[in-house]
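sequence and computational prediction follow.
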Amino acid sequence: MGISGVTLNKRTLLKQRQAQPLDIKIKMSQARIRQWFEHWRGKVFVSFSGGMDSTVLLHLVRSVYPDTPGACVSGMLYPEIRRHVERTPNVEIVRPKLNFKQVIEKYGYPVVSKRMAQYIGEVQRSRGETNTKRLRLTGIRSDGTRSPMGMISKKWQYLCNAPFAVSDRCCNVIKKRPLDMVAKELGAPLVGTRVEESTQREQTYYQYGCNAFDLKRPRSAPLSFWLDRDIWQYVERFNVPYSTIYDMGYARTGCMYCAFGVHLEATPNRFQRMAMTHPRQWKYCIETLGMGDVLDYIKVPYHAPEQIEMWPGLVYGYGFE
């Protein structure tokens, strides 16, 4: 059977798992949690961001192993997320060595996507004509073969000449490195990522499944095949406490100042919403961090929309406590 056939079979299996009722998904995920726990002889922890997915994951893991510790990197958390993390027992809060301001000053801004930001940064830092630069701009390798996935999208190639540096290093510095240090102490992480969130995570799932023992950074993602509706159904069924940020109109709560994927968001995007709910942080982000100039350059609006009544449930001027 060819690779395409294998992928097709795995995709079909994934769709079947995603269609299962929540009760079945809970049992399937608990089985993967037990497998992970037994493989590492209990030396595991939950990577807890304070977001909805990791909140459900922590509750689910502790339904099987109540004493499982959690760890949260305190990078660019929304204040409501931070309070939720601080209220959650047995969660270690870890500080990264560099904050976001220091990261963008040293490496550059996270824009478009991790892959595009990496490629654009490589071209910006190149000196003269190199094989890497040619690959990123034309998709042609040093041996003359083509690699479309190794090329910067033509839509974004103009960013190579941007008056600011672009980089994918932010996530590595603010999240991955601190969690690597935690892993040395607490063990192998369980994470709340799901394939519904990105194509890259879907491809990783096809290759490794939920429990990726063979990755350079082994990790378990027992919620991989869950859908958004499963997360909310679980929260409602088990009355799981969650961050109030989700009652303010937010659907995703990653790093507060990150611009990855913002160009794909409908109005109000994350920065427009921040202007309405967290005006102090918005002002710091747009003016002090210079994100306004970056968003102008990629043609993404960031001021609060005029007719906010169009978005029910949005709390205006919530501010920072």
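Thanks, I have the structure now.

ok, the residue nearest the centre of the chain - contacts?
The residue lying closest to the centre of the chain (Cα atoms, centre = their mean) is Gly254, at 5.8 Å. For Gly254, the contact set (Cβ atoms under 8 Å, 6 or more residues apart in numbering) comprises 49, 51. Heads up, the C-betas are built off the backbone N, CA and C, glycines and all.

over to Arg83?
243-244.

secondary structure class for the residue nearest to the centre of the chain?
Using DSSP: H, G, I helix; E, B strand; the rest coil, the three-state assignment for Gly254 comes out as coil.

separation between it and Asp214?
Here Gly254 is placed at a distance of 27 Å from Asp214 (Cβ to Cβ, to the nearest Å).

now the helices for this protein?
Applying DSSP state H to the chain gives helices spanning 3-18, 22-39, 52-64, 79-87, 100-106, 114-125, 131-138, 169-171, 177-186, 199-208, 228-238, 270-277, 279-283, 291-297.

could I get these as CSV with distance to Leu264 and mean pLDDT?
Formatted as CSV, the helices of the chain follow (distance: least, Cβ to Cβ, whole Å; pLDDT from 0 to 100):
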stretch, distance to Leu264, mean pLDDT
helix 3-18, 22, 79
helix 22-39, 27, 98
helix 52-64, 19, 98
helix 79-87, 22, 96
helix 100-106, 21, 96
helix 114-125, 12, 97
helix 131-138, 22, 97
helix 169-171, 18, 94
helix 177-186, 26, 93
helix 199-208, 13, 88
helix 228-238, 17, 97
helix 270-277, 11, 96
helix 279-283, 20, 97
helix 291-297, 14, 98
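
against Glu129, how distant is Pro279?
In this structure, Pro279 and Glu129 are 46 Å apart, going by Cβ to Cβ.

which of these two has more neighbours?
Just comparing Pro279 and Glu129: by other Cβ atoms under 10 Å the higher neighbour count belongs to Pro279, 16 against 9.

relative to Arg177, how far out is that one?
Here the criterion is Cβ to Cβ. By it, Pro279 lies 31 Å from Arg177.

what does Lys133 give?
Distance, Lys133 to Arg177, using Cβ to Cβ: 27 Å.

Ala251 now?
Distance of Ala251 to Arg177, given as Cβ to Cβ: 28 Å.

which of the two has more neighbours?
Neighbour comparison, Ala251 and Arg177: the larger count goes to Arg177, with 16 against 11 (by other Cβ under 10 Å).

so what's the residue count around the closest residue to the more buried one other than its chain neighbours?
Among residues not flanking Arg177 along the chain, Pro96 sits closest, at 6.9 Å (Cβ to Cβ, 6 or more residues apart in numbering). Counted with other Cβ under 10 Å, the neighbours of Pro96 add up to 21.

ok, Pro96 - contacts?
Counting by Cβ under 8 Å, 6+ apart, Pro96 makes contact with 73-75, 173-175, 177-178.

least confident of these?
Taking the contacts of Pro96 together, the minimum pLDDT is found at Gly75 (80).

what's the neighbour count on Asp180?
Look at Asp180: counted by other Cβ under 10 Å, it has 12 neighbours.

which ones are touching it?
By Cβ under 8 Å, 6+ apart, Asp180 lies in contact with Arg217.

got the CA coordinates for stretch 166-183 in PDB?
What follows is stretch 166-183, C-alpha atoms only, in PDB (Å, rounded to 0.1, in the frame of the first residue of the first chain):
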ATOM      1  CA  VAL A 166      10.700  38.500  11.700                       C
ATOM      2  CA  SER A 167      11.300  35.400  13.700                       C
ATOM      3  CA  ASP A 168       9.800  32.100  14.900                       C
ATOM      4  CA  ARG A 169      12.000  32.000  18.000                       C
ATOM      5  CA  CYS A 170       9.400  33.400  20.500                       C
ATOM      6  CA  CYS A 171       7.600  30.100  21.200                       C
ATOM      7  CA  ASN A 172      10.900  28.300  21.600                       C
ATOM      8  CA  VAL A 173      12.200  30.800  24.100                       C
ATOM      9  CA  ILE A 174       9.100  31.600  26.100                       C
ATOM     10  CA  LYS A 175       7.400  28.200  26.100                       C
ATOM     11  CA  LYS A 176       9.600  25.200  25.000                       C
ATOM     12  CA  ARG A 177      12.800  26.000  26.800                       C
ATOM     13  CA  PRO A 178      11.200  26.600  30.200                       C
ATOM     14  CA  LEU A 179       9.000  23.400  29.800                       C
ATOM     15  CA  ASP A 180      12.200  21.400  28.800                       C
ATOM     16  CA  MET A 181      13.700  22.500  32.200                       C
ATOM     17  CA  VAL A 182      10.500  21.500  34.000                       C
ATOM     18  CA  ALA A 183      10.500  18.100  32.200                       C
END
